[in-house]
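Enquirer: Sequence and predicted structure, then a few things I'm wondering about:
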Amino acid sequence: MQVDIGNALAEVATPGIPREALDRLDDRVAAAHERIEEGRANDEHGYATLNQPANVDVDAIQAAVEPFADCENLINVGIGGSALGAATISAALDSDVEAYYLDNVDPKWVADHLESIDLSKTALNVVSKSGMTAETLSNFLVVREAMEDADVDWTERTWVTTGPEGNLRDLAEKHDLPSLPVPDGVPGRFSVLSTVGLAAAAFQGHDIEAILDGARDAADALGPSLFDSPAYAYGAVNYALDQRGAGINVQLPYAESLETYAEWYSQLWAESVGKDGVGQTPVRALGATDQHSQLQLYRAGPHDKMVTFIRPQERADTTIPETELEGLSYLGGSTLGELIDAEFEATEASLANAGVPNVRVEIDRVDERAIGELLYSMEAATILAGELYTVDAFVQPAVEWGKKATRGLLGGGDFEEADEVAEKTELTIE
Ligand code: PA5
């Protein structure tokens, strides 16, 4: 993976980072790196994330999915960090096996899925680190009833990925369901390179060793200077631009297969860094599609944004047919790949020309190894940013607040958060 931060410099963009400021920031990166390496060496909570590529038991994951090899589909029930990493890999890589991610409890959407999926050929992976998340447990109960209604023995079709305690663990034990552990000391949003993200990938036939190899490449590239480490360069530049007023970071992948990646990154960054009154807001977009919608604002609106361009350097391609119209001759014979690359470069230049800071992130191609490298790098970038913002990147009190309020409202326990729901200020206009 390579990161080009040239268009984030003050000589190009406003806000932008003066070169001397980048040098000063590099001293802070070195100190942060030391702290991160210490946490990593001690397998401290959160920093243990960076040890995942070495700690994953690939054989255990393969063995867990092997009994379901005759299934043609997978339903993955989970939410947030227990869904988005696996969904990112599924969306990025082609497979003959379909994976569906039930990460919402919108009733119509869930019902539509269950009606359209052939449950007789479907395996179910229920993923929850805590084993207590209401959305995940509810969807599990709904899916297993749908399987019963379809005369499918759900106990033969289900495995769980969960921690040592919680409602999901209890259900797994009661029904003797096979289970995979979740890693210790790794928050959900950092768990893509573990059982949480890799079991679905193995089920879909992806080479999870290659994903981990890519992650190892990214781990080897971490170092004390942002000028030698693409992951740290990205995390540090996001932080520095945020400090100078670019409080929004638009994720703009130029590949449909990376659209879910933008969702994963947004959760990772927002939930890790957004606390104590700081944090840069991630926004999801897609190139080239959003050139025809949001780009107007990004180029000509307030200078409160940076844009992250992400693209594979190689991709499968399709030739645009020759045409009978002279006016279209510039398209005929070239390829869709050339077109999307031209759009990428033109948009990047148009933002630089308007002084909008932007960063280019490139991977070799969208394959297992490159995805592993990208995911690991962004986890490292986020951990570094947590150090620079001086926030604890590994907790999510705001998310927990909502979980408690929901459970309280449904009668799942006494939570003061639920009482506050009744205190809502109303000013309804009809
Ligand atoms: O990153 C996180 O910690 C969260 O997004 C969790 O992954 C999410 O809330 C789901 O939690 P759990 O895996 O406990 O069901």
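Expert: Perfect, thanks for sending it.
Enquirer: distance of residue 85 from residue 135?
Expert: Using CB to CB, to the nearest Å, one gets 17 Å for the distance from residue 85 to residue 135. Every C-beta, even on glycine, is put in place using the N, C-alpha and C of the backbone.
Enquirer: do the same with residue 369
Expert: For residue 369, the distance to residue 135 under the criterion CB to CB works out to 33 Å.
Enquirer: same question, residue 188
Expert: According to CB to CB, residue 188 and residue 135 sit 13 Å apart.
Enquirer: quick one: which of residue 85 and residue 135 has more around it?
Expert: Applying other CB atoms under 10 Å to residue 85 and residue 135 shows that residue 85 carries more neighbours, namely 31 against 20.
Enquirer: Quickly find the element holding the residue nearest to that one when sequence neighbours are not counted.
Expert: Take residue 85 and drop its neighbours on the chain: the residue closest to it by CB to CB, 6 or more residues apart in numbering is residue 192, 2.6 Å away. Following DSSP states H and E, one finds residue 192 outside all helices and strands.
Enquirer: And the residue nearest the centre of the chain, which helix or strand is it part of?
Expert: Note on the chain: the residue nearest the mean C-alpha position is residue 264, at 1.7 Å, using CA atoms, centre = their mean. The secondary structure element spanning residue 264 is helix 259-273 (assigned by DSSP H and E).
Enquirer: Give me the helices and strands touching that helix, please.
Expert: Contact analysis of helix 259-273 by 3 or more CB pairs under 8 Å, 6 or more residues apart in numbering; DSSP states H and E lists helix 84-92, strand 248-253, strand 281-284, helix 368-389 as its packing neighbours.
Enquirer: So for residue 38, which of these sits nearest?
Expert: With respect to residue 38, and counting by CB to CB, the nearest of the helices and strands packed on helix 259-273 is helix 368-389 at 11.4 Å.
Enquirer: what about that closest one, distance to the chain center?
Expert: For helix 368-389, the gap between its own C-alpha mean and the chain's C-alpha mean amounts to 10 Å (CA atoms, centre = their mean, to the nearest Å).
Enquirer: could you give the angle of it to helix 84-92?
Expert: Between the axis of helix 368-389 and that of helix 84-92 there is an angle of 140 degrees, by axes from the mean of the first three to the mean of the last three CA atoms, to 10 degrees.
Enquirer: what's the angle from helix 368-389 to helix 259-273?
Expert: Computed by the same axes, to 10 degrees, the angle separating helix 368-389 from helix 259-273 equals 20 degrees.
Enquirer: does the helix or strand that helix 368-389 is followed by come close to the ligand?
Expert: Read in the C-terminal direction, the helix or strand following helix 368-389 is helix 397-409, with elements assigned using DSSP H and E. Yes: applying CB under 6 Å from any ligand atom, one finds that helix 397-409 is in contact with the ligand at residue 399.
Enquirer: elements contacting helix 397-409?
Expert: In terms of contact count using 3+ CB pairs under 8 Å, 6+ apart, helix 397-409 is assigned the packing partners helix 134-149, helix 416-421.
Enquirer: Of all these, which one comes closest to residue 70?
Expert: Evaluated with CB to CB, those place helix 134-149 nearest to residue 70, the distance being 15.5 Å.
Enquirer: what's downstream of that closest one, the next helix or strand?
Expert: For helix 134-149, the succeeding helix or strand toward the C-terminus, using DSSP H and E, is helix 154-157.
Enquirer: in that following helix, what's buried?
Expert: Neighbour counts over helix 154-157 (16 or more other CB atoms under 10 Å) mark 154, 157 as buried.
Enquirer: Check stretch 381-392 too.
Expert: Of all the residues in stretch 381-392, those buried under the rule 16+ other CB under 10 Å are 381-389, 391.
Enquirer: and if you look at stretch 222-240?
Expert: 222, 224, 226, 229-240.
Enquirer: The residue nearest to residue 85 touches residue 88, doesn't it?
Expert: Yes: if you go by CB atoms under 8 Å, residue 192 and residue 88 touch, sitting 6.9 Å apart.
Enquirer: neighbour count winner among those two?
Expert: Between residue 192 and residue 88, counting by other CB under 10 Å, residue 192 is the more crowded of the two (30 against 26).
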